[in-house]
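1. Provided below for reference: sequence and predicted model.
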Amino acid sequence: MSDFDIKNIAKLASINLSAEEQEKLTNDLSIILEHVQALSSLELDTNIEDVFIHPLEKELKLVEDIEIDSLTHEEALSNAPESKDGKFVVPPSME
């Protein structure tokens, strides 16, 4: 990846990047592309025990799932501008 590639991607995505952001993204995308290339050419040793889920070796923070009560069907429909037969009524997306 080069600065030119990052600038073109940013232009296509209609986002403005600072010089620091461009440098960081250039480095990050290079690492990701190296991983993809290693996977595609089967150079990656998948038998190692110290495997990272994220190619940039960031620590993932897992949160325990907590079950909470959700809205009843009637409560969900109570805020709808319009409902019919227990369902939301929305304008058609195609005519």
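-> Good, I have the coordinates.

2. Can you check which helix is longest in the protein?
-> Ranked by residue count under DSSP state H, the longest helix found in the chain is helix 19-40.

3. just the strands in the protein please.
-> Listed from the start of the chain, the chain has strands (DSSP state E) covering 83-84, 87-88.

4. export those strands to JSON lines and tack on distance to residue 12 and mean neighbour count?
-> Quick note: C-beta positions are derived from backbone N, CA and C, even for glycine. Listed next are the strands of the chain as JSON lines, based on distance: least, CB to CB, whole Å; neighbours: other CB atoms under 10 Å:
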{"stretch": "strand 83-84", "distance to residue 12": "41", "mean neighbour count": "12"}
{"stretch": "strand 87-88", "distance to residue 12": "35", "mean neighbour count": "10"}
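
5. Tell me which of those strands sits nearest to residue 10.
-> strand 87-88 (38.0 Å; CB to CB).

6. Touching that closest one from outside, list them.
-> When contacts are taken as CB atoms under 8 Å, 6 or more residues apart in numbering, the neighbours of strand 87-88 outside the stretch itself are 77, 80, 82.

7. Please flag which of those residues sit within helices.
-> Secondary structure of the contacts of strand 87-88 is defined by DSSP H; positions in helices are residue 77.

8. By neighbours, which of the contacts of strand 87-88 wins?
-> Of all the contacts of strand 87-88, the most densely surrounded is residue 77 (15 neighbours; neighbours counted as other CB atoms under 10 Å).

9. Now that one. Nearest residue, chain neighbours left out?
-> residue 83 (4.7 Å; CB to CB, 6 or more residues apart in numbering).

10. Distance-wise, check the one you found relative to residue 71.
-> Counting by CB to CB, to the nearest Å, the gap from residue 83 to residue 71 is 14 Å.
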